[in-house]
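Trainee: Following is a predicted model, sequence given first.
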Amino acid sequence: MAVFSRRQTSSLVFFLLFLSLTEAKELLVGGKPEAWKIPSSESDSLNKWAESSRFRIGDSLVWKYDGGKDSVLQVTKEAYTNCNISNPIAEYKDGNTKVKLDKSGPFFFISGAKGHCEQGQKLHVIVMSQKLRYTGISPAPSPAEIEGPAIAPTSSAAGFKASVLVTLGVLVLGLF
């Protein structure tokens, strides 16, 4: 059985912690299948879900919906605000859409079904910049971003994973 020094064990724990914080994730929009729909209330809005999630470069958003009745349009901020479906950046109709978040900043999505966006079926996410990626501190929004969803703390799953790794590291270090 290999014996590790305290320094080697500590280095291994921090390396594993770093890996767990940097891995790209696939995030199911709304946190559940069939969430891409007209919200029943403001509290059911997908932007409420986005406020409680943290999005990083390399993550992917995944939509599950009936492709025969709806679609996902990636649009500009102006098209998002005005629910303009006529000239999207990208259009997805397959019912199982995956969009990779490949840069920092805001991403805007609306339903392609006529009238759905006006009834609240839309999503605005903000992807953290590379330099803020590992700080654990949410930056204050610029005045232009105040109207959109806030950048929320790391999801509980990622926080739990990091806590387990740190606890494991402390326990292992305590054995030496």
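Mentor: Nice, I can see it.

Trainee: For the rest of this, base every contact and every neighbour count on C-alpha atoms.
Mentor: OK.

Trainee: Residue 61 should be in a strand, yeah?
Mentor: Yes. Looking at residue 61 with DSSP: H, G, I helix; E, B strand; the rest coil, it is inside a strand.

Trainee: so what pLDDT did residue 152 get?
Mentor: pLDDT, residue 152: 46.

Trainee: got it, and residue 97?
Mentor: pLDDT, residue 97: 97.

Trainee: What helix or strand is it located in?
Mentor: Assigned by DSSP states H and E, residue 97 belongs to strand 96-100.

Trainee: For that strand, name the packing helices and strands.
Mentor: strand 60-64 (3 or more Cα pairs under 8 Å, 6 or more residues apart in numbering; DSSP states H and E).

Trainee: Mind doing that once more with 10 Å?
Mentor: Contacts defined by 3 or more Cα pairs under 10 Å, 6 or more residues apart in numbering; DSSP states H and E place strand 96-100 against strand 26-28, strand 60-64, strand 72-75, strand 90-92.

Trainee: Show me the shaky parts of this structure.
Mentor: Residue ranges of the chain with pLDDT under 70: 1-22, 131-176.

Trainee: One more pass at 50, please.
Mentor: Low-confidence segments of the chain (pLDDT under 50): 1, 12-20, 132-133, 135, 142-156, 164, 172.

Trainee: mind listing the helices for it?
Mentor: For the chain, helices defined by DSSP state H occupy the ranges 6-22, 46-51, 77-82, 156-174.

Trainee: Show me what counts as buried in the second one.
Mentor: Translated: helix 46-51. Buried residues in helix 46-51, defined by neighbour count with 16 or more other Cα atoms under 10 Å: 46-51.

Trainee: Relative to residue 24, which of those residues is nearest.
Mentor: residue 50 (16.6 Å; Cα to Cα).

Trainee: Let me have the helices and strands packed on strand 96-100 in JSON lines, extended by distance to residue 39.
Mentor: What follows is the helices and strands packed on strand 96-100, written out as JSON lines (distance: least, Cα to Cα, whole Å):
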{"stretch": "strand 26-28", "distance to residue 39": "16"}
{"stretch": "strand 60-64", "distance to residue 39": "15"}
{"stretch": "strand 72-75", "distance to residue 39": "15"}
{"stretch": "strand 90-92", "distance to residue 39": "20"}
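
Trainee: Select, out of those, the one closest to residue 118.
Mentor: strand 72-75 (13.8 Å).

Trainee: which residues sit in contact with residue 107?
Mentor: Residues near residue 107 by Cα atoms under 10 Å, 6 or more residues apart in numbering: 74-77, 80, 101, 123-127.

Trainee: and the helices and strands packed on strand 96-100, which is most packed in?
Mentor: strand 72-75 (a mean of 24; mean count of other Cα atoms under 10 Å).
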